[in-house]
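In: sequence-free structure coming up:
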């Protein structure tokens, strides 16, 4: 199953040349989940050849503009381009008022439904679930209410050993039952043992998205053991005081979090515009957690 | 005096690859006036090496998102980048509520003042004046209240004939009075006739920005004789019915307007995303008004 994230923005606060503020597109089994939506996100989708029309779920971490100012434009474009299927938005409650006020004054009546689920930044909870994935909020510590999101794949069906099934002429009609782990007693007395014809599917993977936050143990338990951790790393550690003042994290701290929670892979992003190149941020994080990458525009990471 | 406009967006409704929705930056005597501000305008300014910090005046024609969704992000970035000088916004009244709601929920307290002047879409009136320019609204005919803006240079001081002044040893201290057209009777009995030492300055130029509108004689008088006319030209004339339905103009009509009002130069823009290339729109307009150009991203036109 596809489970990968494409970075649409890596800048904190303001765009700079070649860096857009935060947005990411998660592809889980060819369903598309947009995580945050800064100004210019729809242009980034176009630039990287990604179809906004395929997005069915939008997750907004908090109401600082560098995480949501692009949403109103994206929603408007979907409307103008003929969308009729509903779109689910998971966000702080006030976002609905912000969007509706703008639709009102532009006399826009969307041809599709917006289905809101409001996040509660005070507790971690499951806010969405389908056949592919469960989404849980992550309690973060920022200047205004802010949640991260953890996406955990559902356990897949067992894998069929096709060569052996064909060799023993097991009827194809039985494959779906075997995928579900069933042992079969056939009317002719044959017994088909599931373990002879299937293997376990891969362990479900998880992606934890930690938007803007102070490094704070409040969220460690929720993201424990995640496969890929995205963590903001706005500053170098020499700017720790500034990071604390603004409720942000340093690259060193992001790597420490990855170590503490036992993540397998760390992505860092949300870089301050003061950094024209990012290699120092990467090196700092890698000094503590080797398997770190820069979450920069246009790159897709498999989870 | 510099009087020129740089195009930041040429697309209608939605961005497409290489075309951003509407925004323009007017430079009048090295003061900067932003006209409309679609999503991505701040990124376009960065791309073309233009400094957002130099903008002191913003004019928003109407509250369709493709003309203002970028303003909240631009204002936020100015704040984050340390702006303290006031910014003047000329716009429909509801825009203040839209902006303030978003500042409230992001807990943003701007370090500079926003000074609003609300436009009245029912009449043409002067809404701004300084030593360089007068700005007048243009009554347009769109689906929601919408105004264009006409920028008219102030008449400049007379030009000094320096060679002649130096030859006749006219004291430099008298130059400012001569620039103002004064004849001088000196205490020693000498008479300095202004016409001997100055020539008239160039005639003031004007730039008329006609945002989204049906072709409608209601605005012809206001823009009569303008030097450069920007007029939207969303469709080819074969789409006239669609243009009427959506209260837009065809390229042919934009050129007819230029002829009727006696403009010297026509810029067309606000192109529908259905047009992947623009040459047909340009050819259609030129068939009626030869001196037409495409108002496309990154190009600066002298007025």
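Out: That came in fine, so what should we check first? Computed from a prediction, not measured in an experiment: that's the story for all the values here.

In: from memory residue A:263 sits against residue A:220, does it?
Out: No: in terms of C-beta atoms under 8 Å, residue A:263 does not count as a neighbour of residue A:220; the distance is 10.6 Å. All C-beta spots, glycine's among them, are computed from the backbone N, C-alpha and C.

In: shared neighbours, those two?
Out: residue A:257 (C-beta atoms under 8 Å, 6 or more residues apart in numbering or on different chains).

In: neighbour-wise, which of those two wins?
Out: For the pair residue A:263 and residue A:220, the greater number of neighbours falls to residue A:263 (25 against 14), based on other C-beta atoms under 10 Å in any protein chain shown.

In: measure the more buried one to chain B for me?
Out: 29 Å (C-beta to the nearest C-beta, to the nearest Å).

In: what sits against that residue?
Out: Per C-beta under 8 Å, 6+ apart, neighbours of residue A:263: A:208, A:223, A:225, A:226, A:227, A:228, A:229, A:257, A:289.

In: can you check residue A:175 too?
Out: A:160, A:165.

In: over to it. Which of the three states is it?
Out: Following DSSP: H, G, I helix; E, B strand; the rest coil, the label given to residue A:175 is helix.

In: ok, back up a step: for the contacts of residue A:263, which one is nearest chain B?
Out: Closest to chain B out of these is residue A:208 (24.1 Å), distances taken as C-beta to the nearest C-beta.

In: surely that closest one and residue A:232 touch.
Out: No: under the criterion of C-beta under 8 Å, residue A:208 makes no contact with residue A:232, lying 12.0 Å away.

In: what about the helices in the stretch 101-250 of chain A?
Out: A:162-167, A:175-179, A:194-197, A:220-223, A:240-245 (DSSP state H, counting those that start in this stretch).

In: what's the distance between the first one and the middle of its chain?
Out: Distance of helix A:162-167 from its chain centroid, counting by C-alpha atoms, centre = their mean, to the nearest Å, is 38 Å.

In: in it, what counts as buried?
Out: For helix A:162-167, the neighbour count (16 or more other C-beta atoms under 10 Å in any protein chain shown) marks residue A:165 as buried.

In: give me the residues contacting that helix.
Out: Contact with helix A:162-167 is made by A:175, A:178, A:196, A:197, as judged by C-beta under 8 Å, 6+ apart.

In: about what we covered before: I'd like the helices of the stretch 101-250 of chain A laid out as TSV, including distance to residue B:52 and mean pLDDT.
Out: As requested, the helices of the stretch 101-250 of chain A are exported to TSV (distance: least, C-beta to C-beta, whole Å; pLDDT from 0 to 100):
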stretch	distance to residue B:52	mean pLDDT
helix A:162-167	60	94
helix A:175-179	57	93
helix A:194-197	64	93
helix A:220-223	37	98
helix A:240-245	23	98
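
In: dump those helices into CSV; add distance to residue A:55 as well.
Out: Below are the helices of the stretch 101-250 of chain A laid out as CSV (distance: least, C-beta to C-beta, whole Å):
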stretch, distance to residue A:55
helix A:162-167, 34
helix A:175-179, 29
helix A:194-197, 38
helix A:220-223, 24
helix A:240-245, 32
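
In: what sits against residue A:228?
Out: Contact partners of residue A:228, counting by C-beta under 8 Å, 6+ apart, are A:5, A:205, A:206, A:207, A:208, A:263, A:264, A:265, A:266, A:267, A:301, A:303.

In: any idea which element residue A:258 lies in?
Out: For residue A:258, the enclosing helix or strand under DSSP states H and E is helix A:251-261.

In: state the distance from the residue of chain A positioned farthest from its centre to chain B.
Out: Largest separation from the mean C-alpha position in chain A: residue A:188, at 49.4 Å (C-alpha atoms, centre = their mean). Going from residue A:188 to chain B by C-beta to the nearest C-beta gives 62 Å.

In: from residue B:226, how far out is residue A:196?
Out: Taking C-beta to C-beta, to the nearest Å as the measure, residue A:196 falls 84 Å from residue B:226.

In: compare those two (neighbour count), which wins?
Out: More crowded of residue A:196 and residue B:226, by other C-beta under 10 Å: residue B:226, with 26 against 14.

In: wait, the more buried one sits on residue B:151?
Out: No: using C-beta under 8 Å, residue B:226 is not in contact with residue B:151, being 9.3 Å away.

In: what sits in contact with each of the two?
Out: When C-beta under 8 Å, 6+ apart defines a contact, the residues bordering residue B:226 and residue B:151 alike are B:206, B:207, B:208.

In: looks like the second one contacts residue B:151 (just checking).
Out: Yes: with contacts defined as C-beta under 8 Å, residue B:207 counts as touching residue B:151 at a distance of 4.6 Å.

In: which of the two has more neighbours?
Out: Between residue B:207 and residue B:151, counting by other C-beta under 10 Å, residue B:207 is the more crowded of the two (29 against 25).

In: quick one: the helix or strand containing residue A:301 to chain centroid distance?
Out: Assigned by DSSP H and E, residue A:301 belongs to strand A:300-302. Computed by C-alpha atoms, centre = their mean, the separation of strand A:300-302 from the middle of its chain amounts to 11 Å.

In: other SSEs contacting it?
Out: strand A:3-9 (3 or more C-beta pairs under 8 Å, 6 or more residues apart in numbering or on different chains; DSSP states H and E).

In: the helix or strand following the strand it packs on packs against which elements?
Out: The C-terminal neighbour of strand A:3-9 among helices and strands, as given by DSSP H and E, is strand A:23-28. Contact partners of strand A:23-28 among helices and strands, from 3+ C-beta pairs under 8 Å, 6+ apart: strand A:3-9, strand A:31-37, helix A:41-47, strand A:147-153.

In: is the last one up against chain B anywhere?
Out: No: between strand A:147-153 and chain B, judged by C-beta under 8 Å from any C-beta of the partner chain, nothing touches; the nearest distance is 14.8 Å.

In: quick check: angle from that strand to strand A:31-37?
Out: 160 degrees (axes from the mean of the first three to the mean of the last three C-alpha atoms, to 10 degrees).

In: residue A:100 should be in a helix, yeah?
Out: Yes: per three-state DSSP, residue A:100 lies within a helix segment.

In: so how far is residue A:134 from it?
Out: Distance, residue A:100 to residue A:134, using C-beta to C-beta: 29 Å.

In: show me which of the two is the more surrounded one.
Out: residue A:134 (16 against 12).

In: partners of that one in the sheet?
Out: Beta bridges link residue A:134 to residue A:129, residue A:152, judged by DSSP bridges.

In: ok, residue A:33 next?
Out: Residue A:33 has these beta-bridge partners by DSSP bridges: residue A:26, residue A:57.

In: does it touch residue A:26 like I think?
Out: Yes: using C-beta under 8 Å, residue A:33 is in contact with residue A:26, at 4.2 Å.
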